[in-house]
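Trainee: let me see the structure of the following:
(one chain, ligands or ions: 1)
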Amino acid sequence: MRELAGKTAFVTGGASGIGFALGRAFAEAGMKVMLADIEPDALAAAVESLQSFGSGVRGVSCDVADPASLERAANASYEAFGNVHVVCNNAGVAAGGGIDNISIENWRWVLDVNLMGVLHGVRTFLPHIRAHGEGGHIVNTASMAGMQTGLGFSPYGASKFAVVGMSEGLAAQVRPLGIGVSVLCPSFVRTRIGESGRNRQQCYGPMPSLDPNSPAAAVVAEIASRLQAGLEPAAVAARVLDAIRNDELYVFTHPNMREEVDERFAAIQAAMDKVVC
Ligand SMILES: NC(=O)c1ccc[n+]([C@@H]2O[C@H](COP(=O)([O-])OP(=O)(O)OC[C@H]3O[C@@H](n4cnc5c(N)ncnc54)[C@H](O)[C@@H]3O)[C@@H](O)[C@H]2O)c1
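Mentor: This is a model prediction of the structure:
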């Protein structure tokens, strides 16, 4: 979608981090923007901080894990701005733990938000984009954790691998309709993802605490310091806008991750070389 000005973008997880940076970049490109998020105070502050764009930026409360909530948010967006053209299924959470101590509630929470949330976004907006026929682009936020399993046995990696696979399938399906798909795969970005527990819905119970002396706690601390030293969200957003304009499927932001991906593909190819029949 070469021309963004005058179109409308809907961004989940738009109150913070990458989603907020996407919202700002879309507004700067002349788009109308609906930021959708589960955290009301942060959402109000995010909209307020973009007031220089006037009424072209608004916020709507939404839990992506709940399809009815996303549907309501979509309707609020149609009412405010008319047709939606760019959808960023970006809301996400992270929960760690070692192989033996990730609670089943953590698995459910992370998969419901990171994977089902993306699915709900696609199911909500794809029929709308097809029907209005003005063109569209869907951006699904995965992660480098969807390209290689550096985080070990983790619901986060599982959710992100699934988002990559789902996006590849979706891209092939909607290309003939003139609808683009991108899957965003960043490594560490300076955001609040390390504090995801702040948005954990009650139905998943309290965030389990980690034994501070456990290997899992050491991994969490290491991740927190790498997030602090991570890329600025605005740089990620700039890359995404470029990918939308040039209709690119894979969106990478960290060139230093190439080696890890190469290693994984080389191992897969070496295994394929052993196939004899
Ligand atoms: N920060 C990183 O290093 C990094 C790297 C790769 C991928 N990502 C992905 O980027 C996306 C954005 O995360 P971020 O890093 O900007 O973190 P963030 O915590 O700063 O922002 C995430 C936003 O999602 C919202 N959110 C959480 N649960 C929600 C729900 N159920 N419904 C609606 N909104 C919800 C939060 O309120 C928050 O505003 C996530 O999908 C994350 O997995 C982040």
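Trainee: only C-alpha atoms for contact and neighbour calcs from this point on.
Mentor: Noted.
Trainee: doesn't Leu184 lie inside a helix?
Mentor: No. Leu184 is assigned strand when assessed by DSSP: H, G, I helix; E, B strand; the rest coil, not a helix.
Trainee: in the sheet, who's paired with it?
Mentor: On the basis of DSSP bridges, Leu184 is bridged to Thr141, Val251.
Trainee: my guess is it meets Val251, correct?
Mentor: Yes. Taking C-alpha atoms under 8 Å as the definition, Leu184 is a contact partner of Val251 at 4.7 Å.
Trainee: if I look at these two, which residues touch both of them?
Mentor: Shared contacts of Leu184 and Val251, defined by C-alpha atoms under 8 Å, 6 or more residues apart in numbering, are found at Val240.
Trainee: quick one: which of the two has more around it?
Mentor: Leu184 (29 against 22; other C-alpha atoms under 10 Å).
Trainee: so how far is the ligand from that one?
Mentor: Leu184 sits 8 Å away from the ligand, taking C-alpha to the nearest ligand atom, to the nearest Å as the criterion.
Trainee: and for Gly197?
Mentor: 9 Å.
Trainee: residues in contact with the residue nearest to that residue when sequence neighbours are not counted?
Mentor: The shortest distance from Gly197 to any non-neighbouring residue, by C-alpha to C-alpha, 6 or more residues apart in numbering, is to Met207 (6.1 Å). Met207 makes contact with 106, 197, 200 under the criterion C-alpha under 8 Å, 6+ apart.
Trainee: secondary structure class for Met207?
Mentor: Applying three-state DSSP: Met207 is coil.
Trainee: need the phi and psi values for it.
Mentor: phi -60, psi 120 (degrees, to the nearest 10).
Trainee: so where's the stretch 101-250 of the chain shaky on pLDDT?
Mentor: Scanning the stretch 101-250 of the chain for pLDDT under 70 picks out 151.
Trainee: coming back round to it: do you know how far the residue nearest to Gly197 is from Val110?
Mentor: Taking C-alpha to C-alpha, to the nearest Å as the measure, Met207 falls 12 Å from Val110.
Trainee: what of Met1?
Mentor: Noted for Met1: a distance of 31 Å to Val110, by C-alpha to C-alpha.
Trainee: compare those two (neighbour count), which wins?
Mentor: For Met1 versus Val110, neighbours defined as other C-alpha under 10 Å are more numerous around Val110 (28 against 18).
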